[in-house]
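Asker: Show me the folded form of this:
(chains A and B)
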Amino acid sequence: MALLQISEPGMSAAPHQHRLAVGIDLGTTNSLIATVRSGMSTVLQDDFGHALLPSVVRYMPNGDIVVGHEAQAHQSEDPINTITSVKRFMGRSLNDIANKAHIPYRFFEGTDSTTTRSLQLQTRAGLKTPVEISAEILKSLKARAEKSLGGELVGAVITVPAYFDDAQRQATKDAARLAGLNVLRLLNEPTAAAVAYGLDNAAEGTFVIYDLGGGTFDVSILRLSKGVFEVLATNGDAALGGDDFDHRIYCWVLDKVRENNANFSPLTEEDTRLLLTKARQAKEWLTDNFEAQIVCKLSNGTLVDVTLTASQLIEVTEHLVSKTLSPTRKAMRDAKLSIEDINGVVLVGGATRMPHIRHAVQEYFQQEPLTNLDPDKVVALGAAIQANILAGNKSDDDLLLLDVTPLSLGLETMGGLVEKVIHRNSTLPIARAQEFTTYKDGQTAMSVHVVQGERELVSDCRSLARFELRGIPPMAAGAARIRVTFTVDADGLLSVSAREQSTGIEAHIAVKPSYGLTEDEITSMLKASFNSAEEDKKARMLAEARVNAGAIISSVTAALAIDSKLISPAEVEAIELEINKLQQLTAANDATAINQAVDTLNHATEAFAAARMNASVSRALAGKSLENLDL
Amino acid sequence: MAITLTETAASRVEKFLANRGKGVGLRLGVKTTGCSGMAYTLEFVDDMQPEDVAFESHGVKVIVDPKSLVYIDGTELDFTKEGLNEGFKFNNPNVKDECGCGESFTV
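Answerer: Residues are numbered from 1 along each chain as shown, chains lettered A, B, ... in the order given. Prediction:
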């Protein structure tokens, strides 16, 4: 019979409707998949008991694709068709790739250079994009999960580095889709680590995530407030990781061997691999022991037998440890924080098992780092916890939400301009309010047009919804206060409400913004906003000048209708002439000319305004004795 | 009659409860859905109801509501591994017929 897991009170699933959700740590060197079973986050192992899946994909001569340990074993013999560290190429173009000479792959750039997906690698299976290669890793993890959980997955949370930009995040999502996974959310790796440690249960705090992986070092500073993690700063070194420590030990061993053998012949590739493996084992052994023996026989018959002590390890790798501290200091500086502001330090990545790294971190932050979870698994464990919540297996009050808005949300103001209320990349859920006012005297209704996009003009953005707020009490232009609130919930569902502050009348509408656009549309909209920034600025200036002109024309005209008798007919005529001029200019496209004409009209009406002011003061004072005046 | 846990199941439940950080025990129950009539439920318990029946097995408090008890009295809950999958299994003497997957049953 089917095997059951313990659910939260009242959250038992109907038969065949288990909401199986997983968290995936799609790493540069290794990837993992985890799930929550009976309330406990666990990493899923493969048939051989391995939790880590090396992020290596090999395209075989017979057309098969192998992933993981099996692919890794053939890395040196078939480098062109064995892709490692594909994460570095995600969402990148050929120009973004540094050190191309040191990478064995044959890169190609697609003909369509406008898309970020154009980078391709030539393998024996044809041209492959980094997205397709990553999808193979994800497929392998997905198969492992479905085998372990005995059912289809409803979705996955996939982690990405905090510094990943939109293109890289999008590429990650695309890879997941290609692998047949429903992405519940992309989660920042440091956030996942913090979630695994339950730091999100605290009300607020500032945490440092120190992540020394196989080949990369990342340090992130997170601030938690009201259940949302905000990344304050990230820094790191893309070419520093546990592998560098192995390499240092390897060099040390070679030096020792050379000391004893003056005529030491060059190493074969196999010897190098063997020694590196021994070096890694020694490093791992020294985590709990004082000395490690490195014994092996090289292909030329030389017997290697050296002993590495813990203090020697510290000595040969000291500079690597200090290399991690300088990005850490930079991140602290960027976040404008001092050591006392840090409420907790989380260690991530297998290399942080090394005691001298822990000491260095502890010494720098003046506190013991959190280490009781396996540093290799902590990101995946946190992602699984988040996935479990998002799949609906926990009650709503546990919801922790960390998504961002892909594009800005705003509304149309006079002149077809966009006023952004929620800026792009804001964390969800979010609510932002802004006050608007009426444009015309006695205006009793306001149309709210909700738009999405980065451009300055409504016509260049995407229209999401329109609604009207009616029943505004008649007031002078600019006197009404209408508070428009934008709220985006966790699922990206936007609701907009408008409320006139003095009467409390309200109108609102709900729209689904981000899903209305395909990812391609989002990317192209972002691109357009970057390319047309200058043009947008001009358009905005012109539109603003027109709105300004319209406002002054309508207020002067209204004033003339009431009080024209206060000034001479000649003066009235002069003002009307300026109004006419301004009206003609607003039809043209010269913002500067419009602004000048507005100034002229302002100037021409100074005497009129003064006369109106005097008249209204004398009206107010007429018939009142001095003591009745509220002065 | 009573509801019992195997030793493996009990130690698992204890571990999961400790990890969860709260909860007084484990609730076993049935609900009327599924392809073959009834389906088992297995939940953590934060609050006991007045009508609940409680058993103790290997140090774990097992809680059942009286309506469910008639369908599962005598059940032994086990924890097993099947390939890569692992989880709890109801050994219920009242069952006459199960659906193919065993997630629902009739008495």
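Asker: how about the strands of chain B, start to end?
Answerer: Per DSSP state E, chain B carries strands over the ranges B:4-5, B:25-31, B:38-45, B:53-57, B:60-64, B:76-82, B:85-91, B:97-98, B:104-106.
Asker: Tell me which of the ones you listed lies nearest to chain A.
Answerer: strand B:85-91 (2.8 Å; CB to the nearest CB). In short, each C-beta sits where N, CA and C put it, glycine included.
Asker: Please report phi then psi for residue A:348.
Answerer: phi -130, psi 150 (degrees, to the nearest 10).
Asker: pLDDT wise, what is the nearest residue to it once chain neighbours are set aside at?
Answerer: Nearest non-adjacent residue to residue A:348, counting by CB to CB, 6 or more residues apart in numbering or on different chains: residue A:211, 3.9 Å away. pLDDT for residue A:211: 95.
Asker: Next one: the residue minimising distance to the centre of chain B from residue A:7, what distance?
Answerer: For chain B, the residue nearest the mean C-alpha position is residue B:28 (3.5 Å; CA atoms, centre = their mean). In this view, residue B:28 and residue A:7 are 12 Å apart by CB to CB, to the nearest Å.
Asker: residue ranges for the strands of the stretch 1-150 of chain A, please.
Answerer: Along the stretch 1-150 of chain A, the stretches classed as strands by DSSP state E, counting those that start in this stretch are A:21-26, A:30-37, A:40-43, A:53-54, A:56-59, A:65-67, A:82-84, A:106-109, A:119-123, A:126-128.
Asker: just to revisit the earlier point, need the residues touching each of residue B:28 and residue A:7.
Answerer: B:41, B:42 (CB atoms under 8 Å, 6 or more residues apart in numbering or on different chains).
Asker: picking that back up, what's the least confident stretch among the strands of the stretch 1-150 of chain A?
Answerer: Among the strands of the stretch 1-150 of chain A, strand A:106-109 scores lowest, at a mean of 80.
Asker: Not counting its own residues, what contacts it?
Answerer: A:80, A:93, A:94, A:97, A:100, A:118, A:119, A:120, A:121, A:122, A:127.
Asker: which of the residues you listed sit farthest apart?
Answerer: A:80 and A:93 (20.7 Å; CB to CB).
Asker: re the thing from before, redo the strands of the stretch 1-150 of chain A as CSV? Include mean neighbour count.
Answerer: Listed next are the strands of the stretch 1-150 of chain A as CSV, based on neighbours: other CB atoms under 10 Å in any protein chain shown:
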stretch, mean neighbour count
strand A:21-26, 30
strand A:30-37, 26
strand A:40-43, 20
strand A:53-54, 22
strand A:56-59, 25
strand A:65-67, 20
strand A:82-84, 23
strand A:106-109, 13
strand A:119-123, 20
strand A:126-128, 15
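Asker: Redo the ones you listed as TSV? Include distance to residue A:284.
Answerer: Output for the strands of the stretch 1-150 of chain A, formatted as TSV (distance: least, CB to CB, whole Å):
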stretch	distance to residue A:284
strand A:21-26	20
strand A:30-37	15
strand A:40-43	18
strand A:53-54	16
strand A:56-59	20
strand A:65-67	24
strand A:82-84	21
strand A:106-109	35
strand A:119-123	32
strand A:126-128	33
